[in-house]
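[1] sequence plus predicted model, see below.
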Amino acid sequence: MSESYLLRGAKPLGGEPADVLVRDGAVAAIGPKVPAKGAEVVDADGLVLLPGLVDLHTHLREPGREDAETVESGTVAATLGGYTAVCAMPNTDPATDTAGVVEQVYRLGQEAGRCDVQPIGAVTVGRAGTQLAELGAMADSAAQVRMFSDDGDCVSDAVLMRRALEYVKAFDGVIAQHAQEPRLTEGAQMNEGALSGVLGLRGWPAVAEEAIIARDVLLAAHVGSRVHICHVSTAGSVEILRWAKSRGYPVTAEVTPHHLLLTEDLVASYDPIYKVNPPLRSEDDVAALRAALADGTIDAVATDHAPHPVEDKECEWLAAAMGMTGLETALPVVQQAMVDTGLLDWAGVADRMSVWPARIGRLAGHGHAPEVGAPANLTLYDPSTPWTVDPADTASRSRNTPYAGRTLPGRVVATFLRGRATVLSGKPQ
Ligand SMILES: NC(=O)N[C@@H](CC(=O)O)C(=O)O
């Protein structure tokens with residue numbers, strides 16, 4: 001018999017509290033006093049009901065770095081964060097640059113069965129930036145790849161970028177660009193500015209991101225094909241995106257939770273937990289990113305969950321890997337940065353963490369408002385029970401969270417994937 005749940009007193013977006021019946025994988029009823037009729041009752045009083053979250057940018061590390069994360073461990077972390085679908089980045093070993101490897105990742109996701117894993121294909125062979133990967137074969141594979149990226153590295157060759165955009169147009173694909181001009185960022189360690197000078201760490205200038213975004217929105221418009229900008233981090237990038245969107249260019253963009261909350265001054269500790277690509281920026285950048293997410297210039301929040309084992313993070317700054325975990329903390333960080341500041345309401349959060357990412361990634365079955373007949377991909381979130389982050393208390397194989405010891409304002413209570421509970425009472429099922 002399939003699972004069935006009655007979410008009693010859940011607060012749907014913008015509406016009055018109601019009961020939501022989940023049965024046979026779909027939302028079966030919404031309204032006051034819906035009878036349970038054998039369904040397991042979940043007390044949802046005071047909880048926000050969101051469409052299951054969709055992450056456009058997750059590093060699951062499998063194949064190749066199973067010491068840092070596996071599809072199994074990463075997807076448990078995802079469900080605890082309220083996600084029902086994640087897009088897996090291709091900087092694995094080997095890279096996901098063939099139909100065979102994307103199908104392997106896709107199948108691992110299905111076997112784990114926790115949330116949908118949509119592999120992102122590499123743009124270039126081995127992510128080496130010299131030769132286009134077999135994009136068409138990945139699109140035609142069982143994984144039906146629609147998003148391609150060399151994330152971790154930029155597709156810096158303008159001709160390759162143009163060809164990739166031309167190629168994916170045929171099957172409604174999108175190139176997700178890690179915007180980082182490589183020559184301008186050789187050996188870069190942190191945001192370039194007064195502080196990098198004081199700390200003696202080589203700077204990662206804002207212009208290295210902005211120059212690539214400017215080039216790529218122009219290329220996308222020229223080719224008439226979709227580009228998506230990964231982890232936007234500067235106020236200047238926001239200005240370029242705003243301009244491109246005002247002209248109707250086919251561009252979308254994401255921002256990470258950490259770039260919405262944290263600033264470069266944390267680097268003064270020389271604690272590599274704050275080492276990330278792109279780097280943490282200034283307060284002005286954070287304010288611009290928040291405003292851009294609020295007004296839709298930036299479409300989505302994406303975690304860039306980048307797990308690394310202890311030996312790669314608990315070492316001196318220069319030797320440390322770049323990246324932070326983020327799946328389990330994304331929603332409360334967005335609450336703190338965007339909702340508690342009055343910049344977004346919960347419907348706005350649902351758009352930016354579920355509806356729009358699902359659209360950008362072409363993820364059928366995800367990003368639906370909870371309504372009768374829709375697939376029951378749902379998240380129940382408690383926005384008023386603060387908790388203190390303990391890095392040991394994570395489903396991820398890695399503990400490199402930048403929020404250790406911080407108090408976040410709320411927590412995911414339950415997650416449902418096609419009507420099946422993957423998290424209940426805050427615990428994996
Ligand atoms: N975002 C990060 O800081 N790290 C990413 C890749 C990258 O360097 O972008 C990772 O895979 O670890």
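    Nice, thanks for sending it over. Keep in mind that this is a model prediction, so the values were computed, not measured. Numbering: from 1, shown residues only.
[2] quickly list the domain ranges of this structure.
    Listed domain ranges for the chain are 4-48+374-428, 52-361 (source: automatic domain parsing).
[3] deepest of these, which one?
    domain 52-361 (a mean of 21; mean count of other CB atoms under 10 Å). Every C-beta, even on glycine, is put in place using the N, C-alpha and C of the backbone.
[4] quick one: distance of that domain to the chain centre.
    Relative to the mean C-alpha coordinate of its chain, domain 52-361 is positioned 7 Å out (CA atoms, centre = their mean, to the nearest Å).
[5] now do the end-to-end distance for that domain.
    15 Å (CA to CA, to the nearest Å).
[6] same check, this time on stretch 37-57
    Here the two ends of stretch 37-57 are set 39 Å apart, with distance taken as CA to CA.
[7] tell me the mean pLDDT over it?
    Here the mean pLDDT over stretch 37-57 is 97, rounded to a whole number.
[8] hang on, the earlier thing: of the domains of the chain, which is nearest the ligand?
    Closest approach to the ligand among the domains of the chain is made by domain 52-361 (3.2 Å; CB to the nearest ligand atom).
[9] so what touches the helix ranked longest in the chain?
    Of all segments of type helix in the chain, defined using DSSP state H, the longest is helix 206-223. Around helix 206-223, the neighbours that count as contacts under CB atoms under 8 Å, 6 or more residues apart in numbering are 154, 156, 158, 161-162, 165-166, 169, 177, 179-181, 184-185, 188, 191-192, 226-227, 229, 232-237, 240-241, 244, 247, 249-251, 278, 281, 285.
[10] what's next to the helix or strand just after that helix, contact-wise?
    Following helix 206-223 in sequence order, the next helix or strand is strand 226-229 (DSSP states H and E). The set of residues that contact strand 226-229 without belonging to it, under CB under 8 Å, 6+ apart, is 56, 147, 165, 168, 172-177, 179, 213, 216-217, 219-220, 237, 241, 250-254, 360.
[11] returning to that earlier point: how about the domains of the chain in CSV, adding distance to His368?
    Rendered in CSV, the data for the domains of the chain read as follows (distance: least, CB to CB, whole Å):
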stretch, distance to His368
domain 4-48+374-428, 4
domain 52-361, 8
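[12] including distance to the ligand, could those domains go into CSV?
    Listed next are the domains of the chain as CSV, based on distance: least, CB to the nearest ligand atom, whole Å:
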stretch, distance to the ligand
domain 4-48+374-428, 9
domain 52-361, 3
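[13] name the secondary structure element that contains Glu111.
    Secondary-structure assignment from DSSP H and E places Glu111 in helix 99-112.
[14] what packs against that helix?
    The criterion is 3 or more CB pairs under 8 Å, 6 or more residues apart in numbering; DSSP states H and E, and the helices and strands that helix 99-112 contacts are helix 71-80, strand 116-119, helix 135-140.
[15] outside of the second one, which residues touch it?
    Spelled out, that is strand 116-119. For strand 116-119, the surrounding residues in contact (CB under 8 Å, 6+ apart) are 60, 71, 75, 84-88, 90, 96, 101-102, 105-106, 108-110, 143, 145, 147, 361, 363, 365-366, 417.
[16] what bridges to Ala88?
    Judged by DSSP bridges, the bridge partners of Ala88 are Thr58, Pro119.
[17] how much space separates it from Leu56?
    Here the criterion is CB to CB, to the nearest Å. By it, Ala88 lies 10 Å from Leu56.
[18] how about the contacts made by the residue nearest to the spatial centre of the chain?
    For the chain, the residue sitting closest to the mean C-alpha position, by CA atoms, centre = their mean, is Ala302 at 2.4 Å. Shown in contact with Ala302 (CB under 8 Å, 6+ apart): Asp55, Leu56, His57, Cys230, His231, Glu254, Val255, Thr256, Pro357.
[19] and with 6 Å instead?
    The contact partners of Ala302, by CB atoms under 6 Å, 6 or more residues apart in numbering, come to Asp55, Leu56, His57, Glu254.
[20] show me the contacts for the second one.
    If I follow you right, that is Leu56. Contact partners of Leu56, counting by CB under 6 Å, 6+ apart, are Cys87, Glu254, Ala300, Ala302, Pro357, Gly361.
[21] okay, and the fifth one sits in which element?
    Translated: Pro357. Assigned by DSSP H and E, Pro357 falls in helix 356-361.
[22] helix or strand right after that helix?
    Scanning forward in sequence from helix 356-361, with DSSP H and E defining helices and strands, the next element found is strand 378-382.
[23] what's that following strand in contact with?
    In this structure, residues lying in contact with strand 378-382 by CB under 6 Å, 6+ apart are 44, 47-50, 52-53, 82, 370, 410-416.
[24] which of those sits closest to Val123?
    Sorting the contacts of strand 378-382 by how near they are to Val123, with CB to CB, puts Leu53 at the top with 25.6 Å.
[25] beta partners for that closest one?
    The residues paired with Leu53 through beta bridges, assigned by DSSP bridges, are Tyr83.
[26] how close does it get to Thr297?
    Leu53 sits 21 Å away from Thr297, going by CB to CB.
[27] isn't Phe85 right up against His366?
    No Phe there; residue 85 is Ala. Yes: contact criterion CB atoms under 6 Å: Ala85 and His366 qualify, at 4.7 Å.
[28] in a markdown table, list the contacts of Leu56 along with pLDDT.
    Compiled in a markdown table, the contacts of Leu56 are given as follows (pLDDT from 0 to 100):
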| residue | pLDDT |
| --- | --- |
| Cys87 | 99 |
| Glu254 | 99 |
| Ala300 | 99 |
| Ala302 | 99 |
| Pro357 | 98 |
| Gly361 | 98 |
